[in-house]
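[1] Coordinates for the following, if possible.
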Amino acid sequence: MAFSNDNVSVVVPVSMMAIYLTLAALVAVPAEEVFTVLTFFPICGILYIHWITGSRGDEKPDEVLKGGDMRIKRVMKIRRRLFAILVAMLTLFPLAGSATTLAAHPWQPHIAIVWPHDGQGNPTTVAQSRAVNISVWPSTQVSCSEYPELGLSMAKDNEPTQLIRSSGQLIQRTVGGVTFPSLEFNNIPANLAAEPTAKFRFLCGSSIWAHAADPRTFYPHPVVPTGYGESPSGSLDPRIQIVWPHDERGQFAPVERAPFVNIAVDLFVHGTLNSVPPEYQPIELMLNIAEGNGPLTFSDRTAQKVTYAVGDKTYPRWVFNNVPVRPGQQYHFLVRVLPQEGKTLSPFATIWTHAQDARTILPYPQVPPPCVP
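    All right, here's what the predicted structure looks like:
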């Protein structure tokens, strides 16, 4: 019996070793025999020990027969103990198989539904909404009841993403006869009735949903840095400042016809408008792209470092040149940074939506496979 999952590869050998040690303590059987048999044939191993305890070929006849009733009692006692061990084994292996099933199917979240309402649970149009309920579905087969450790982030307008301080509620849905879990985030403030031009973008895992009357990113005046700064914790805000569409010759082209874009990114100390100094170089800067309602994927484009001046100060900028896009398609761009000071990616980023029509329209989300009980 073999399991490829890392978690189970630990459970099974430990279980086998526990059985082996128990048997070795109960019966005088050579260790290599017990270990070999139990490793490859657990049930046969139990039967083998059961048989060998009843009659060992290397025992003297008078030692085997001496005691009469004492021998029978001894054998019965050992057999009862071995039966208990067998029951334990049969319990462990189904658990191991169950662990394999669950661990082999982790959540790949997909934002399937964003339901606008008035903040009191009454449905409204997107333009009149004050809050939303968000349903996150798995894309693959998962456990019906295991709670996924997933966070939901939101970016308003061109500000960096912020984690929403709300734990999702796990429920079960049945769609088209298929039952699966759904993680529900309810009553998330997104007040378009009060701010008609606001744009809200939700991020869960690698899934993005743009919620706005017009979600296209308009950024005629990029953020201007107010000076230099350093982050003690290494947290940075990678802000996409410019997305410039162009043709094959590098000439400007309208969004609906441009096959390429150049993406300019500035790095700021988190929560401020202080830029990193000109000599700063992150360990890694990664461009993520989502096409349509698809998941974010890493681009193989490498950013080129340039500088620009504001007054008498020079600031660094990183540009991803000639990023291919398909005219007429919707794209979300997001940049992740691994700072010099940190060992993990900064959790903050801006999301830029590039499209002629950037609305997220998903009337019939893909139903995942049925969940595992």
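[2] Quick one: the helices in this protein, in order.
    Applying DSSP state H to the chain gives helices spanning 6-26, 31-40, 42-54, 61-65, 69-103.
[3] And the average pLDDT for stretch 266-279 is what?
    For stretch 266-279, mean pLDDT rounds to 95.
[4] Endpoints of that stretch, how far apart?
    End-to-end span of stretch 266-279 (Cα to Cα, to the nearest Å): 13 Å.
[5] same question, stretch 157-164
    For stretch 157-164, the separation between the terminal residues is 16 Å (Cα to Cα).
[6] For it, buried residues please.
    Across stretch 157-164, burial judged by 16 or more other Cβ atoms under 10 Å covers 158, 160-161, 164. For every residue, glycine as well, the C-beta is placed using N, CA and C.
[7] Quick one: which of those has the lowest pLDDT value?
    Among those, residue 158 has the lowest pLDDT, at 89.
[8] Flag the helix or strand of this protein with the lowest per-element mean pLDDT.
    helix 61-65 (a mean of 38; mean pLDDT, DSSP states H and E).
[9] coming back round to it: what about the buried residues of stretch 157-164, which are in strands?
    Members of those lying in strands (criterion: DSSP state E): none.
[10] can I get those residues in TSV with distance to residue 113?
    Converted to TSV, the buried residues of stretch 157-164 look like this (distance: Cβ to Cβ, whole Å):
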residue	distance to residue 113
158	25
160	25
161	20
164	16
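[11] Closest one of the residues you listed to residue 224?
    Taking Cβ to Cβ as the measure, residue 224 sits nearest to residue 158 out of the buried residues of stretch 157-164, at 13.0 Å.
[12] mind listing what the closest residue to residue 187 other than its chain neighbours touches?
    Nearest non-adjacent residue to residue 187, counting by Cβ to Cβ, 6 or more residues apart in numbering: residue 131, 5.2 Å away. By Cβ atoms under 8 Å, 6 or more residues apart in numbering, the contact list for residue 131 reads 116-119, 187-191.
[13] now do residue 227
    By Cβ under 8 Å, 6+ apart, the contact list for residue 227 reads 274-275, 313.
[14] With residue 163 instead?
    Applying Cβ under 8 Å, 6+ apart to residue 163 gives the contacts 151-153, 347.
[15] The residues you listed: which two are farthest apart?
    Pairwise distances across the contacts of residue 163 peak at 12.5 Å for 152 and 347 (criterion: Cβ to Cβ).
[16] And the two? Which one has more around it.
    Neighbour totals were compared for residue 152 and residue 347, and residue 152 leads with 23 against 14 (other Cβ atoms under 10 Å).
[17] Quick check: that one touching residue 202?
    Yes - if you go by Cβ atoms under 8 Å, residue 152 and residue 202 touch, sitting 6.4 Å apart.
[18] list residues touching both of these two?
    Residues touching both residue 152 and residue 202 by Cβ under 8 Å, 6+ apart: 134, 188.
[19] Setting the sequence-adjacent residues aside, check what's closest to residue 324.
    residue 260 is the one closest to residue 324 (Cβ to Cβ, 6+ apart), at 5.9 Å.
[20] hang on, I meant residue 226
    Among residues not flanking residue 226 along the chain, residue 273 sits closest, at 4.6 Å (Cβ to Cβ, 6+ apart).
[21] residues contacting that neighbour?
    Contacts for residue 273 (Cβ under 8 Å, 6+ apart) come out as 223-226.
[22] Make a PyMOL selection of the buried ones in these.
    To isolate in PyMOL the members of the contacts of residue 273 that are buried, counting by 16+ other Cβ under 10 Å, one can use:
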select buried, resi 223+225
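[23] Tell me the one of the contacts of residue 273 nearest residue 197?
    Nearest member of the contacts of residue 273 to residue 197, counting by Cβ to Cβ, is residue 223, at 17.7 Å.
[24] partner residues bridging the nearest residue to residue 370 once chain neighbours are set aside?
    Excluding the flanking residues, the one nearest residue 370 by Cβ to Cβ, 6+ apart is residue 178, at 5.1 Å. Residue 178 has the following beta-bridge partners by DSSP bridges: residue 175.
[25] Now do residue 178, the pLDDT please.
    pLDDT, the model's per-residue confidence, is 97 for residue 178.
[26] Residue 371 versus that one, what's the distance?
    Remark: distance between residue 178 and residue 371 (Cβ to Cβ, to the nearest Å) = 9 Å.
[27] So those two - more neighbours on which side?
    More crowded of residue 178 and residue 371, by other Cβ under 10 Å: residue 371, with 19 against 12.
[28] which non-adjacent residue is nearest that one?
    Distances taken as Cβ to Cβ, 6+ apart place residue 144 nearest to residue 371, at 3.9 Å, with adjacent residues excluded.
[29] Please apply the same query to residue 228.
    residue 277 is the one closest to residue 228 (Cβ to Cβ, 6+ apart), at 4.8 Å.
[30] tell me the contacts of the one you found?
    Shown in contact with residue 277 (Cβ under 8 Å, 6+ apart): 228, 230, 316.
[31] For the stretch 1-150 of the chain, which residues score under the pLDDT cut-off?
    Residues of the stretch 1-150 of the chain that meet the criterion pLDDT under 70 lie in 1-105.
[32] got it, and the stretch 151-300 of the chain?
    The stretch 151-300 of the chain contains residues with pLDDT under 70 at 216-220, 232-233.
[33] where exactly do the strands run in it?
    According to DSSP state E, counting those that start in this stretch, the stretch 151-300 of the chain carries its strands in the segments 153-156, 162-163, 169-175, 178-189, 200-204, 207-211, 227-228, 236-246, 260-269, 274-275, 284-291, 297-298.
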